[in-house]
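Asker: sequence and predicted model, in that order:
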Amino acid sequence: MPAAAHAQQLSPALWGNREPANRDPDAPIRMAVLPPAGVTLDFSAAQMSYDPEQQLVVASGQVEVRRGGYRLTADRVEYRREGAAGAPAAADPAAPAAAAEGEVIAIGNVLIIDPAGNQIMADRITLSDSLRDGAIANMLLVLNNGGRLGARAGSHAGDRYTLENAAYSPCAVVGAAGCPQTPVWKIKAVKIIYDERKHRISYRDASLEMFGVPVLYLPELSHPDGDTKRAAGVLVPAVEIQRQLGLGVSAPIHFAPSSDMDVTFTPWLYSAANPALAFQARRLLRDGPIQIDGMFTVSRRFDLAPDGITEIDRGNRFRGYLGFKGLLQHDAHWRSVFSVRLTSDDTFNRRYGLGFDDTMRSSYALQRITSESWLSISAWYFQGLRASDRASESPLLLPLVDYDWRPDWNIVGGRLRFAANTTLLTRTDGQDMFRAISWGRWDRNLITGLGQRIALTGLVRGDLYDVRGSARATLPDYAGRDGWRGRGYGLAAIDISWPFAGPALGGEQSFSPRLQVVAAPRVTNLGFPNEDARAFELDDNSLFDLNRSPGLDRIESGSRVTWGGEYTLDRPGWQVRAEIGQSIRLDGDGSEFAAGTGYQGRISDVVGRATVRIGRLVELTQRFRFDKDNLAVRRNEIDLTVGGRRTYVSAAYVRLNRNETLEDLEDRTEVRIAGRLAFARYWTLFGNAIIDLTTSADNPLSTGDGFRPIRHRIGLEYEDECFRFGLGWRRDYVGDRDFRPGNNFQISVAFKTIGS
């Protein structure tokens, strides 16, 4: 169906009429060019005639007229040259009387495409010979972003369209079978003005209709046309209900003072709390983007007494959150990366729905990156949000310097790497530390004639520490010893794997046994603080690391042998992959690691992972750690994903049975589940839940009963090409001071192309 004929179906669905369309798609085409009085119009048509007395050109049958970036097609076109006399009166009331300038009248299935790509479709159009300005009857204007403006009559002058008795909608008005249908929403108005230069659509005496039913009267309204990246205006309001705040309604206001800057203010009104103001400002500088966002209010605040139970009412206080982040590229090598996150108190973010973090991190890093090296000079600040956290014990790292240099040198067939780290960590009330570490490393990889892969490594390292205030350390297990202390360390390692592959079960299988030998002296960690190597646990990812400690403050002491193997089976439609391994000390007792890590003593626990993939829809992964003495399951993690992008279910189960009460190694059992179900083309049902299955028998510090929900969320969403509507329900079961357990209901609405 020709585009203009298609418009005869689209436009009436917007404002209510329907007229037949005629067109002969098999008519022959002829070309003609007419250059009148300095104006060039290129014609093509099946038939063409010229009346020299009236200076009138009449073209019919698949007519196409071009001038500049404009293109017009129609069933019939009449062109009266400039200065022609005796021009007949227009047959359509929307068409103006003949003027002294050239005039083009297009009739039947009219389609005009302007240089910007907008399409004008109508029954009849009267234009100047520039194909820009004129009057239009029974028109449809299709914008670049998919929005449509339909009107009984309209005109175009300069950069403005003026439409009478018009309507706007980006929604489909023709069904899958090609029949007209009522759009999901549209805005009808007595007058609509579309300014192409400002990319703005304005309405007078308008009303919003949903499925053909008026729902809101709008005396005046304007919004961007969607063809500009940012524009000022009021965005779609949001509604939510939650226990702490009651009914909340927001009305975001967006400002775009320039092409490289925008600001959004979102005032929130609550039925059970004082109003709040959220904001976000973005700016694209010459060096890169920055963004600042936050939320502020004056509201009541509750704290806990030292007994951890009694509430203390602090009265109305200023409360808020501030975030600031950006990346500035100063030149080809130097850049700044920063992220600042600060909150007035522990529970503000959770209470106002800004997040559930228990620690806020702020950092700045000046970095230099080249093809061979990386340098970072950074600062870090931590704000603890748990009831047990004390601000005086939160560390400040200033500076933290990391350097990594990998020169393109070939040394005995291998590559060199040099690195260094310097850290100054201070607390208002707690342990302070200065650290300077440097190391050099040589690596060579080769493949033998029999197919073995061999990796050779040599490493030397030197550490220097100064510790102050170790007696005030929050956790004595991680404290150092006051004063200066140093240590040196070196190792040599060989890592050998030997892949075997062949056909099996209609596919290909491979088995790769692996053996690593590390020769290293025994090095003491006693007296050295542990600030960055606390959350250690032996697993399949760290099994073959040269230093399995996750940070720099702990060095794995002594020589050891690590064995493992990997098996893979690939068949059409499914895959199986499994890894397993264990480490054995040749000397040392592993005292640098806690008992619950799986690597204290001469022999480590057995760790591994197994993954099964079936097509693109099913993936099951299990990670495990078995006790070396009795094969008890010390760690069991199962992740399952079934489905695709729109419909899926994912579930995760974790059980940690490490027999440790150390902060970073507490036992717990937890299950997480999430899913999304797409149905009826535009509808989606989604949800997720977190459940704590830990009992006091599992962990003496736990207060759970074996089935304690932490949080769940359920929602329903409708989304098509022009409209999105969502309902959500979240319930929090764990409270903290003035953040109370309870329900949170959310309603979201988005009218696409007019602000969302």
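Answerer: Nice, I can see it. Numbers count the residues shown, from 1 in each chain.
Asker: helix, strand or coil for the closest residue to residue 246 other than its chain neighbours?
Answerer: Take residue 246 and drop its neighbours on the chain: the residue closest to it by C-beta to C-beta, 6 or more residues apart in numbering is residue 272, 3.0 Å away. Quick note: C-beta positions are derived from backbone N, CA and C, even for glycine. Assigned by DSSP: H, G, I helix; E, B strand; the rest coil, the conformation of residue 272 is coil.
Asker: what's the neighbour count on residue 384?
Answerer: Residues lying near residue 384 (other C-beta atoms under 10 Å) number 15.
Asker: and it, how far from residue 322?
Answerer: Distance of residue 384 to residue 322, computed by C-beta to C-beta, to the nearest Å: 17 Å.
Asker: again, but for residue 179
Answerer: Residue 179 is 54 Å from residue 322, by C-beta to C-beta.
Asker: who's more crowded, these two?
Answerer: Taking other C-beta under 10 Å, residue 179 and residue 322 do not tie; residue 322 has more neighbours (16 against 9).
Asker: quick check, that one in contact with residue 281.
Answerer: No - using C-beta atoms under 8 Å, residue 322 makes no contact with residue 281, being 11.6 Å away.
Asker: common neighbours of those two, please.
Answerer: Contact criterion C-beta atoms under 8 Å, 6 or more residues apart in numbering; residues shared by residue 322 and residue 281: 292-293.
Asker: flag the shaky bits of this protein, pLDDT-wise.
Answerer: Within the chain, the ranges that satisfy pLDDT under 70 run 1-39, 82-101, 175-176, 178, 226-231, 306-309, 660-664, 755-756.
Asker: so what strands line up beside the longest strand anywhere in it?
Answerer: In the chain, ranked by residue count with DSSP state E as the criterion, the top strand is strand 311-329. Strand 311-329 pairs in its sheet with strand 289-304 (antiparallel), strand 334-343 (antiparallel), by DSSP bridges.
Asker: which parts of the stretch 301-450 of the chain are helices?
Answerer: 348-351 (DSSP state H, counting those that start in this stretch).
Asker: ok, which stretches of it are strands?
Answerer: 311-329, 334-343, 359-369, 373-384, 396-405, 415-426, 432-447 (DSSP state E, counting those that start in this stretch).
Asker: among those, which is nearest residue 655?
Answerer: Nearest of the strands of the stretch 301-450 of the chain to residue 655, taken as C-beta to C-beta: strand 359-369 at 25.0 Å.
Asker: mind listing what's buried along that closest one?
Answerer: 360, 362-367 (16 or more other C-beta atoms under 10 Å).
Asker: same list (the strands paired with strand 311-329) but as TSV, adding mean neighbour count and distance to residue 556.
Answerer: Formatted as TSV, the strands paired with strand 311-329 follow (neighbours: other C-beta atoms under 10 Å; distance: least, C-beta to C-beta, whole Å):
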stretch	mean neighbour count	distance to residue 556
strand 289-304	17	41
strand 334-343	17	31
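Asker: can you redo those as JSON lines with distance to residue 586?
Answerer: As requested, these are arranged in JSON lines below (distance: least, C-beta to C-beta, whole Å):
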{"stretch": "strand 289-304", "distance to residue 586": "51"}
{"stretch": "strand 334-343", "distance to residue 586": "43"}
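Asker: looking at those, which is closest to residue 169?
Answerer: Closest among the strands paired with strand 311-329, once you apply C-beta to C-beta, is strand 289-304, at 32.6 Å.
Asker: ok, and what's touching the closest one?
Answerer: Outside strand 289-304, the residues within contact range by C-beta under 8 Å, 6+ apart are 273-283, 310-328, 345, 352, 354, 387, 737-738.
Asker: cool, and stretch 194-207?
Answerer: Applying C-beta under 8 Å, 6+ apart, the contact partners of stretch 194-207 are 116, 118, 141, 147, 149, 159-161, 163, 168, 187-193, 214, 216-225, 227-228, 231.
Asker: again, 6 Å this time
Answerer: Under the contact criterion C-beta atoms under 6 Å, 6 or more residues apart in numbering, stretch 194-207 has outside partners 159-161, 187-193, 214, 217-218, 221-225, 227-228.
Asker: over to stretch 405-421?
Answerer: 372-373, 402-404, 437-444.
Asker: ok, stretch 435-451 next?
Answerer: With C-beta under 6 Å, 6+ apart as the contact definition, stretch 435-451 has outside contacts at 413-423, 453-465, 552.
Asker: what comes up buried for it?
Answerer: 435-437, 439-443.
Asker: ditto for stretch 369-384
Answerer: By neighbour count with 16+ other C-beta under 10 Å, stretch 369-384 contains the buried residues 375-383.
Asker: one more: stretch 485-503?
Answerer: By 16+ other C-beta under 10 Å, the buried positions in stretch 485-503 come out as 485, 487, 489, 491, 493, 495, 497.
Asker: looking at these, which are in helices?
Answerer: With helices defined by DSSP state H, no entry of the buried residues of stretch 485-503 lies inside them.
Asker: okay if I get the strands of the stretch 301-450 of the chain as TSV plus distance to residue 470?
Answerer: Listed next are these as TSV, based on distance: least, C-beta to C-beta, whole Å:
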stretch	distance to residue 470
strand 311-329	33
strand 334-343	29
strand 359-369	23
strand 373-384	19
strand 396-405	17
strand 415-426	12
strand 432-447	9
